[in-house]
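Participant: sequence unknown, structure follows:
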């Protein structure tokens, strides 16, 4: 049984074959859907003129997958309209959020490592200033 959002999209496009052509997938792929896959919402929205939240009601109050990011520990939740707007523009808000989190985690780990090792780094730098680089006479650059 198909979800209402997919039914709307199929009616708006003129059937599974027309929707498949419009978004560049096979008719068989569309025929197997029970709902519009999250990665296809932006394309289906553009092809049918339907808003992303009409295709997936979860987007009306934020994108699916963002519930975890909006949990109580966050000081400022993601704006309710941002994920839907990103999807309408053909962007993948979940991938963008994941990349931003990976970058933030990496930067924080580097900052903490530098903080934890600042004494050793300072000692090494002092040693190099006093004695020069080890094996400097063998460097070809």
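Facilitator: Nice, thanks for sending it over. The structure displayed is predicted, hence computed values, not measured ones. Numbers count the residues shown, from 1 in each chain.

Participant: can you list contacts of whatever helix or strand residue 121 lives in?
Facilitator: Per DSSP states H and E, residue 121 falls inside helix 118-131. Residues from elsewhere that reach helix 118-131 (CB atoms under 8 Å, 6 or more residues apart in numbering): residue 114. Using the backbone N, CA and C atoms, a C-beta is placed for each residue, glycine as well.

Participant: any idea how far it is from the middle of the chain?
Facilitator: In terms of CA atoms, centre = their mean, to the nearest Å, the centre of helix 118-131 is set 41 Å apart from its chain centre.

Participant: the residue most central in space within the chain and residue 83: what is the separation?
Facilitator: Per CA atoms, centre = their mean, the C-alpha nearest to the average position across the chain is that of residue 95, at 1.4 Å. As for residue 95, its distance to residue 83 is 12 Å (criterion: CB to CB, to the nearest Å).

Participant: buried sites along the lowest-mean-pLDDT helix or strand in the chain?
Facilitator: The helix or strand of the chain with the lowest confidence, counting by mean pLDDT, DSSP states H and E, is helix 81-88 at a mean of 82. By neighbour count with 16 or more other CB atoms under 10 Å, helix 81-88 contains the buried residues 83-84, 86-88.

Participant: ok, residue 12 touching residue 48?
Facilitator: Yes. When contacts are counted by CB atoms under 8 Å, residue 12 is listed as touching residue 48 (3.9 Å).

Participant: neighbour count: those two, which is higher?
Facilitator: For residue 12 versus residue 48, neighbours defined as other CB atoms under 10 Å are more numerous around residue 48 (22 against 17).

Participant: wait, that one touches residue 15, no?
Facilitator: No. Applying CB under 8 Å, one finds residue 48 not in contact with residue 15, separated by 11.7 Å.
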